[in-house]
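In: Next come a sequence and a model predicted from it.
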Amino acid sequence: MPAIRYPDLTGRVALVTGGSRGIGAATCRALAANGVRVAVNGRDEAALAGVVAGIASDGGQAIAVPGDVTDATTVRRVRERVEAAFGPVDILATIAGGQGRPVPTVALDAQQWRATVESELTSTFLAVHEVLPGMVRQRRGAIITMASSAGRQPSQANAAYAAAKAGVVMFTRHLANEVGQHAVRVNCLAPSAVRNDRMEQAMSTQQLDELARQFPLGRIGEPDDVAEAVLFLASDASSWITGVTLDLTGGRVIA
């Protein structure tokens with residue numbers, strides 16, 4: 001549950017891509033706890049159902065809108081389902097992605113490059129492209145994109161992921177400059193290592209502790225750390241903030 005509540009979010013409509021687990025699921029729960037009606041997108045329908053059921057059991061409102069957000073037709077159908085259920089989207093959080101596993105560039109083929117760019121960058125564009133006209137019409141909207149520390153400085157992530165996430169950062173800046181006149185705000189989050197199922201399955205407790213010591217604050221991130229930042233950027237508490245990339249890295253990236 002969010003540590004801080006934002007009453008102005010009550011009644012708004014959010015679409016969260018990649019909302020079935022990890023950061024996305026935490027974001028959906030945090031928004032719903034603030035009275036937002038949440039559309040949870042992802043490809044794993046069972047996982048989506050679990051997130052929606054959890055929100056409903058806590059008294060929130062949510063629907064599952066499954067679909068592959070790298071496909072333009074699917075994204076359009078997702079947007080139409082959200083509008084039919086809840087109305088126009090006020091908040092968009094583009095969290096779908098996660099193709100950053102290490103691959104040496106000499107071993108990265110063209111198919112992997114394209115798939116990663118589609119997953120991390122094109123999916124962001126397609127989601128924005130669908131909901132932005134409605135935000136412009138109603139002269140209200142908050143878009144929160146998801147980059148990574150890999151898009152801010154060299155890392156062990158593969159080059160396609162790093163380039164795509166750097167692209168998300170610049171797309172965010174460009175869009176914020178373009179649509180500010182319509183009272184639509186666009187900001188970006190760039191987290192570093194955040195605890196997830198894959199990390200816990202692949203790393204021992206000792207390895208996780210060693211990773212935590214690499215951060216000035218002495219720990220890795222938790223999904224709720226990112227969800228809290230989404231809440232702030234979605235709310236009127238950040239009403240004079242746009243075009244910003246917020247590094248959520250425990251001090252590992254200081255720009």
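Out: Received the coordinates, thanks. Numbers count the residues shown, from 1 in each chain.

In: what residue is smack in the middle of this protein?
Out: The residue lying closest to the centre of the chain (C-alpha atoms, centre = their mean) is residue 95, at 2.5 Å.

In: for the nearest residue to residue 118 once chain neighbours are set aside, helix, strand, or coil?
Out: Spatial nearest neighbour of residue 118, chain neighbours left out: residue 70 (4.5 Å); criterion: C-beta to C-beta, 6 or more residues apart in numbering. No exception for glycine: its C-beta is placed from N, CA and C like everyone else's. Of the three states, residue 70 takes coil under DSSP: H, G, I helix; E, B strand; the rest coil.

In: Same check on residue 166?
Out: At residue 166, secondary structure determined by three-state DSSP is helix.

In: for residue 153, same thing?
Out: coil.

In: Give me the contacts around the helix or strand encompassing residue 206.
Out: Element membership of residue 206 [criterion: DSSP states H and E] is helix 205-212. For helix 205-212, the external contacting residues (C-beta atoms under 8 Å, 6 or more residues apart in numbering) are 193, 199, 200, 203, 218, 219, 220.

In: Buried ones from these, can you make that a PyMOL selection?
Out: Buried members of the contacts of helix 205-212, defined by 16 or more other C-beta atoms under 10 Å, are picked up in PyMOL with:
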select buried, resi 193+220
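
In: Switch the contacts of helix 205-212 over to a markdown table; also include secondary structure and pLDDT.
Out: Compiled in a markdown table, the contacts of helix 205-212 are given as follows (DSSP: H, G, I helix; E, B strand; the rest coil; pLDDT from 0 to 100):
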| residue | secondary structure | pLDDT |
| --- | --- | --- |
| 193 | coil | 91 |
| 199 | helix | 81 |
| 200 | helix | 81 |
| 203 | coil | 88 |
| 218 | coil | 96 |
| 219 | coil | 96 |
| 220 | coil | 94 |
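
In: Please identify which pair of the contacts of helix 205-212 lies farthest apart.
Out: 200 and 218 (18.5 Å; C-beta to C-beta).

In: any low-confidence regions in the stretch 1-150 of the chain?
Out: Within the stretch 1-150 of the chain, the segments meeting pLDDT under 70 span 1-3.

In: who does the top strand by length along the chain pair up with?
Out: In the chain, taking DSSP state E as the definition, the longest strand is strand 184-191. Partner strands and pairing direction for strand 184-191 (DSSP bridges) are strand 141-146 (parallel), strand 245-248 (parallel).

In: and the ones you listed, which is most packed in?
Out: Among these, ranked by average contacts under mean count of other C-beta atoms under 10 Å, first place goes to strand 141-146 (a mean of 26).

In: Listing request: residues of the stretch 151-255 of the chain with sub-threshold pLDDT.
Out: Checking the stretch 151-255 of the chain against pLDDT under 70 turns up nothing.

In: Now with 80, please.
Out: 255 (pLDDT under 80).

In: ok, back up a step: can I get the helix holding residue 206 in PDB? Just the C-alpha atoms.
Out: Taking Å, rounded to 0.1, in the frame of the first residue of the first chain, the C-alpha atoms of helix 205-212 are listed here in PDB:
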ATOM      1  CA  THR A 205      20.800 -14.600  -1.000                       C
ATOM      2  CA  GLN A 206      24.600 -13.900  -0.800                       C
ATOM      3  CA  GLN A 207      24.600 -12.600  -4.400                       C
ATOM      4  CA  LEU A 208      21.600 -10.300  -3.700                       C
ATOM      5  CA  ASP A 209      23.500  -9.000  -0.600                       C
ATOM      6  CA  GLU A 210      26.600  -8.300  -2.700                       C
ATOM      7  CA  LEU A 211      24.500  -6.500  -5.300                       C
ATOM      8  CA  ALA A 212      22.900  -4.400  -2.600                       C
END
